[in-house]
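S.K.: Predicted model and sequence below, questions to follow.
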Amino acid sequence: MDSQEFADVLSAVRAFVREQVVPREDEIEETDAIPADIKERSKEMGLFGYALPEEYGGLGLTLSEEVRLVFELGYTTPSFRSMFGTSNGIAGQVLVNAGNAEQRAAWLPGLASGEIVGSFALTEA
């Protein structure tokens, strides 16, 4: 993604967060859920795969671009930003960095599109 494309993405995300998400923060807090229309728009914008490689449907942002984008996502309720965390973070990055070709092909497109949600579990002794 060239610098102008990234600037356009950042601008669109900034506007979306401020115009569509911020006004609904009370609703999100009261229902403890992100409204379906906000989730759908987030999918259309590629937010479920911003840190995943383009070859799997992600935006393929660099770490620097990712940080700048996350600042915009974090402008509003933390639950909005964390909606993308597992897909772009622990689940997605484990597959990108340690998954085999078959695993990446099977799971990354679904994570990037927001059609599936990754998870992980931790245990303690």
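M.R.: It's in.
S.K.: OK, contacts around the closest residue to residue 46 other than its chain neighbours?
M.R.: Of all residues not flanking residue 46 in the chain, residue 59 sits nearest, at 4.9 Å (C-beta to C-beta, 6 or more residues apart in numbering). All C-beta spots, glycine's among them, are computed from the backbone N, C-alpha and C. Residue 59 is in contact with 1, 9, 46, 49, 50, 51, 52, counting by C-beta atoms under 8 Å, 6 or more residues apart in numbering.
S.K.: And the buried ones among those, selectable in ChimeraX?
M.R.: Applying 16 or more other C-beta atoms under 10 Å to those leaves a buried subset, and the ChimeraX line that selects it is:
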select :9,46,49,50,51,52
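S.K.: In a markdown table: the contacts of residue 59, plus pLDDT.
M.R.: Converted to a markdown table, these look like this (pLDDT from 0 to 100):
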| residue | pLDDT |
| --- | --- |
| 1 | 80 |
| 9 | 96 |
| 46 | 93 |
| 49 | 95 |
| 50 | 95 |
| 51 | 95 |
| 52 | 96 |
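S.K.: Show me which pair in the contacts of residue 59 is furthest apart.
M.R.: 9 and 52 (14.2 Å; C-beta to C-beta).
S.K.: which residues sit in contact with residue 57?
M.R.: Contacts here follow C-beta under 8 Å, 6+ apart; on that basis residue 57 touches 46, 49, 108, 109, 112, 113.
S.K.: Let me know the pLDDT of it.
M.R.: Here the pLDDT value assigned to residue 57 is 96.
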